[in-house]
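Chemist: One predicted model, sequence on top.
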Amino acid sequence: MINIIRIKNASFYAYHGALKEEQFMGGKFEADVDIFTDFSEAALKDDLKLTINYHDVYKFINQLVHEKKYDLIETLATMIADELLKKYSEIHKIAVRVRKHSVPVGGVLDCVEAEVIKENDR
């Protein structure tokens, strides 16, 4: 059985961007993570130890977002997906979306977003 745990709009203030100003001033970033896993036993037994704890996932993503500055949100999204797959063998598939607000494109837009979808090879 495949179930999905979703983290939506996890917000971070970080220093990613291709322009030096972006890496100096920083900006708001949001991440969505869709974790495809099987939590049926955890749900049946109502036991947190039998599923992926989304509190721990959020803390892990927060740590990753602040460890290093990246030029591209594509790189950040890929790195988050790769590291979560390494950390949690219970993940069958993962989708990570990273959004960046206040993008210097010379026009008006809400945000830009990069999405990566990966499957566990194990």
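Modeler: Looks like it came in fine. All figures in this text were calculated on a predicted structure; none of them were measured in a lab.
Chemist: Residue 3 and residue 16: what is the separation?
Modeler: As judged by Cβ to Cβ, to the nearest Å, residue 3 and residue 16 stand 31 Å apart. All C-beta spots, glycine's among them, are computed from the backbone N, C-alpha and C.
Chemist: what about the least confident helix or strand in the chain by mean pLDDT, distance to the chain center?
Modeler: Least confident helix or strand of the chain, by mean pLDDT, DSSP states H and E, is helix 20-25 with a mean of 77. Distance of helix 20-25 from the chain centroid (Cα atoms, centre = their mean, to the nearest Å) equals 21 Å.
Chemist: quick one: which of residue 3 and residue 16 has more around it?
Modeler: Comparing residue 3 with residue 16 by other Cβ atoms under 10 Å, the one with more neighbours is residue 16, at 21 against 14.
Chemist: The closest residue to residue 15 other than its chain neighbours and residue 16, how far apart?
Modeler: Among residues not flanking residue 15 along the chain, residue 26 sits closest, at 4.5 Å (Cβ to Cβ, 6 or more residues apart in numbering). From residue 26 across to residue 16, the span is 8 Å (Cβ to Cβ).
Chemist: do the same with residue 39
Modeler: 31 Å.
Chemist: Residue 49 too?
Modeler: Using Cβ to Cβ, residue 49 is found at 34 Å from residue 16.
Chemist: try residue 67
Modeler: 11 Å.
Chemist: re the thing from before, so for the least confident helix or strand of the chain, what gets flagged as buried?
Modeler: 22-23 (16 or more other Cβ atoms under 10 Å).
Chemist: swap in stretch 4-23?
Modeler: 5, 7, 10, 12, 14-17, 22-23.
Chemist: min pLDDT across those, which one?
Modeler: Across the buried residues of stretch 4-23, the smallest pLDDT goes to residue 22, namely 72.
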